[in-house]
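Novice: Return a 3D structure for these sequence lines:
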Amino acid sequence: MKILKILGLVLMAGLILPLVVPHDAGAIPAFARRHKMSCTTCHAPFPRLKAFGDEFAGNGFMIPEDENDRDYVGAGDDLLRLNRDFPVAVRFDAFAALKENEAGDLNADLQIPFGLKLLSGGTLARGIGYYFYFYMSEKGEVAGIEDAYVHFNDVGGMPLDLLVGQFQACDPLMKRELRLTYEDYLIYKAKIGLSNNNLAYDRGIIAMYDVAKTGTNLIGMIVNGNGKDVAEGGEFDSDKYKNFFLRVGQDVGEFVSVGYFGYYGDELGFNEELATVDAEENPVPAPVFHNRLLYHGPDLKAGNGTLDFSFQYLLRRDTNPNFEPDAVNVETSGMVGELVISPHQDRSRHYVTLLYNRIDSDLDAFDYETYTAAVTRVVQRNLRMSVEYTYDAELETSRGAVGLVSAF
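Specialist: Residues are numbered from 1 along each chain as shown. Next up, the predicted model:
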């Protein structure tokens, strides 16, 4: 009955909210403001990117045929190219969630604001762009900088791009920050045992090479492997290792692309439960152990703008994720599948998203399986509402969420 109650409230919200939300929003995000174009040029709906949006970002946030000298400050120096206006945008997310716990009790939570971020991006020179955002508030905390990088397009006149900075390792697979749902892509952010490694935020370098003749793209990555933790003692990397990522992608016709990737890493860590005291009761820190991890798996994207499907399967193997004296191998598999339905393609006012998450680990505490259905209504191109229902098959509980996402 609790499941039906949550589902009923979500459906009711989906019917009522479009009627009570105002139909005017005056502000537009930074890129649309500068180039005087609709958000639908790049998004369908925002923040989800369509093909032109990917190309725009890949060109260093520049539209070559729309670049005019009047857009830049003339400083009398051919090697200086300053934007006349500093592009800034804000994103504001708010949710109301109704969640069932394992005891069957319902808890209503107003997550307002769920997130508030300040974004900027633009060109530094022809073929060189930058992008960053600062989370002024995420789940009630100042989260700081997440994405922050400089993008070099067509290096040396070749179809080679370099991206240097902080980003999500899963971005070449499925971009978590661009999803339409409150429910996340869990396999990318899961940290197994006490390991500090996942496929979310990290610092490093990405190289991307396209073979236009065959429709093949290669993406390589070198990262620290310990996320975006605060530097300690002046060092951003917590150990001596670097982690490596390689993905080979192939276009199959106009509407399908497939890929396979591998990620190899090493890390040092400790288990605080192994800390002791000596005979004089002085603290003795826990010993440091080594963990080696390997991710690999296929991904698939297929879509024509009306039906767009993304799928990822991952297999992760750790040699000692709990940092114990007697190392134990742990295997974890996971998948995420998403279908976005856009009845009128990028001119749609309503979108339906179906999302499936699954994690199956030798460490049972990390098992996870959810089914999500969400409806998004575009009130204005930079203001959308959503209603969402998620069933947790592992805990046999439900969650409903009503959300507002805006950008200006």
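Novice: What's the biggest strand in the protein, counting residues?
Specialist: As assigned by DSSP state E, the longest strand anywhere in the chain is strand 106-125.
Novice: List the buried residues of it.
Specialist: For strand 106-125, burial by neighbour count (16 or more other Cβ atoms under 10 Å) applies to 106, 111, 113-117, 119-124. Every residue, glycine included, has its C-beta placed from N, CA and C.
Novice: Likewise for stretch 177-196?
Specialist: Quick answer for stretch 177-196 (16+ other Cβ under 10 Å): 179-188, 190, 192-196.
Novice: got it, and stretch 208-219?
Specialist: Under the neighbour-count criterion of 16+ other Cβ under 10 Å, stretch 208-219 has 208, 210, 217, 219 buried.
Novice: list the contacts for the first one?
Specialist: Think Met208. The contact partners of Met208, taken as Cβ atoms under 8 Å, 6 or more residues apart in numbering, are 58, 160-163, 172, 217-219.
Novice: do that again at 6 Å, thanks
Specialist: 161, 219 (Cβ atoms under 6 Å, 6 or more residues apart in numbering).
Novice: Pro47 belongs to a helix, doesn't it?
Specialist: No - counting by DSSP: H, G, I helix; E, B strand; the rest coil, Pro47 is not found in a helix; it is coil.
Novice: chain center to the helix or strand containing Ser137: distance?
Specialist: Using DSSP states H and E, Ser137 falls within strand 128-138. Computed by Cα atoms, centre = their mean, to the nearest Å, the chain-centroid distance of strand 128-138 equals 13 Å.
Novice: Within the sheet, what are the partner strands of the longest strand of the chain, with directions?
Specialist: strand 89-100 (antiparallel), strand 128-138 (antiparallel) (DSSP bridges).
Novice: Now render those as JSON lines, adding distance to Pro283, mean pLDDT and mean neighbour count.
Specialist: JSON lines is the format used below for these (distance: least, Cβ to Cβ, whole Å; pLDDT from 0 to 100; neighbours: other Cβ atoms under 10 Å):
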{"stretch": "strand 89-100", "distance to Pro283": "40", "mean pLDDT": "95", "mean neighbour count": "19"}
{"stretch": "strand 128-138", "distance to Pro283": "34", "mean pLDDT": "92", "mean neighbour count": "17"}
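Novice: need those strands in a markdown table with distance to Arg381, can you?
Specialist: Listed next are the strands paired with strand 106-125 as a markdown table, based on distance: least, Cβ to Cβ, whole Å:
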| stretch | distance to Arg381 |
| --- | --- |
| strand 89-100 | 13 |
| strand 128-138 | 19 |
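Novice: For Ala327, which of those is the nearest?
Specialist: strand 128-138 (35.2 Å; Cβ to Cβ).
Novice: How about residues contacting the helix or strand just after the strand holding Ser137?
Specialist: Counting by DSSP H and E, the element after strand 128-138 in chain order, helix or strand, is strand 144-152. With contact meaning Cβ under 6 Å, 6+ apart, strand 144-152 is reached by 60, 128-130, 132-135, 162-167, 201.
Novice: try stretch 124-139
Specialist: Counting by Cβ under 6 Å, 6+ apart, 60-61, 81, 113, 115-119, 121, 123, 143, 145-148, 150-154 sit against stretch 124-139.
Novice: returning to that earlier point: return the closest of the buried residues of strand 106-125 with respect to Ala89.
Specialist: Ala89 lies nearest to Leu119 out of those, by Cβ to Cβ, at 4.7 Å.
Novice: For that closest one, give its distance to Glu232.
Specialist: Using Cβ to Cβ, to the nearest Å, Leu119 is found at 28 Å from Glu232.
Novice: Can you tell me how far Asn304 is from Phe311?
Specialist: In this structure, Asn304 and Phe311 are 16 Å apart, going by Cβ to Cβ.
Novice: Compare the two and say which is more crowded by neighbours.
Specialist: More crowded of Asn304 and Phe311, by other Cβ atoms under 10 Å: Phe311, with 17 against 11.
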